[in-house]
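Participant: Sequence first, then the predicted structure:
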Amino acid sequence: MTTTTVDLKVLDPRMAEQVPSYATPGSAGLDLRACLDAPITLAPGQTTLIPTGLAIHIGDPGLAAIILPRSGLGHKHGIVLGNLVGLIDSDYQGQLMVSCWNRGQSEFVIQPFERIAQLVLVPVVQAAFRRVEEFGDASSRGEGGFGSTGKH
Ligand SMILES: O=c1ccn([C@H]2C[C@H](O)[C@@H](COP(=O)(O)OP(=O)(O)OP(=O)(O)O)O2)c(=O)[nH]1
């Protein structure tokens, strides 16, 4: 396991006691909570942007964070992310926001400080593109994609 230090600002004092922490030594994700004054009802198909009351500055361009749905909310209640995956750049210093999408068939009420998504730190490699007319080595896949290898 690799650990790194990330600067975190508590933007809403109510989050001071709720700073994200790993639930178990093997956890990959940190749960993010809805920093709300009152419950929000999400109708089927509705998307809303929810503040977390927190900001992080990752700083190291070799890292980023992604926001992912929580499995239970997504599977049982259809609460996933309006952007499917949120990408937090290493130079972002604003509030962490979670786009919640009710892809289910029933209303869902998000309670203040409920855990709504999870944040995972990931390594990043930036590409320096070298323009070529042809790729040097022919690969066995070549230009095949989108099911070209068949179903089995
Ligand atoms: O779920 C998300 C996704 C993004 N962000 C923040 C962090 C990220 O670094 C910034 C910009 O995100 P992105 O680049 O995906 O947004 P964009 O729509 O391309 O806008 P921009 O022009 O600001 O890059 O917004 C969040 O707080 N939550």
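Facilitator: It's in.
Participant: which residue is nearest the centroid of this structure?
Facilitator: By CA atoms, centre = their mean, the chain has its centre lying nearest to I67, at 0.7 Å.
Participant: what about that one, distance to the ligand?
Facilitator: From I67 across to the ligand, the span is 5 Å (CB to the nearest ligand atom, to the nearest Å). To be clear about C-beta, it is placed using only N, CA and C from the backbone, and glycine gets the same treatment.
Participant: which SSE is that residue in?
Facilitator: Using DSSP states H and E, I67 sits within strand 63-69.
Participant: Give me the packing partners of that strand, helices and strands only.
Facilitator: Packing contacts for strand 63-69, counted by 3 or more CB pairs under 8 Å, 6 or more residues apart in numbering; DSSP states H and E, involve strand 79-81, strand 86-88, strand 115-123.
Participant: how much distance is there from the helix or strand just after it to the middle of the chain?
Facilitator: Moving toward the C-terminus from strand 63-69, the next helix or strand (DSSP H and E) is helix 71-72. Remark: helix 71-72 is offset 14 Å from the chain centroid, using CA atoms, centre = their mean, to the nearest Å.
Participant: Tell me the helices and strands packed up against helix 71-72.
Facilitator: Looks like helix 71-72 contacts no helix or strand (3+ CB pairs under 8 Å, 6+ apart).
Participant: any idea of the mean pLDDT for it?
Facilitator: Over the span of helix 71-72, the pLDDT mean works out to 96.
Participant: and this protein, which residues reach the ligand?
Facilitator: Proximity of the chain to the ligand, by CB under 6 Å from any ligand atom, involves residues I67, N83, G86, L87, I88, D89, Y92, L96, M97, S99.
Participant: from those, which is closest to the ligand?
Facilitator: G86 (2.2 Å; CB to the nearest ligand atom).
Participant: wait, is T41 part of a strand?
Facilitator: Yes: counting by DSSP: H, G, I helix; E, B strand; the rest coil, T41 is found in a strand.
Participant: Wait, it touches S106, no?
Facilitator: No: the criterion here is CB atoms under 8 Å, and T41 misses it with S106 at 10.7 Å.
Participant: which stretches of the protein form strands?
Facilitator: Secondary structure of the chain (DSSP state E): strands located at 7-10, 30-33, 40-42, 47-57, 63-69, 79-81, 86-88, 95-102, 108-110, 115-123.
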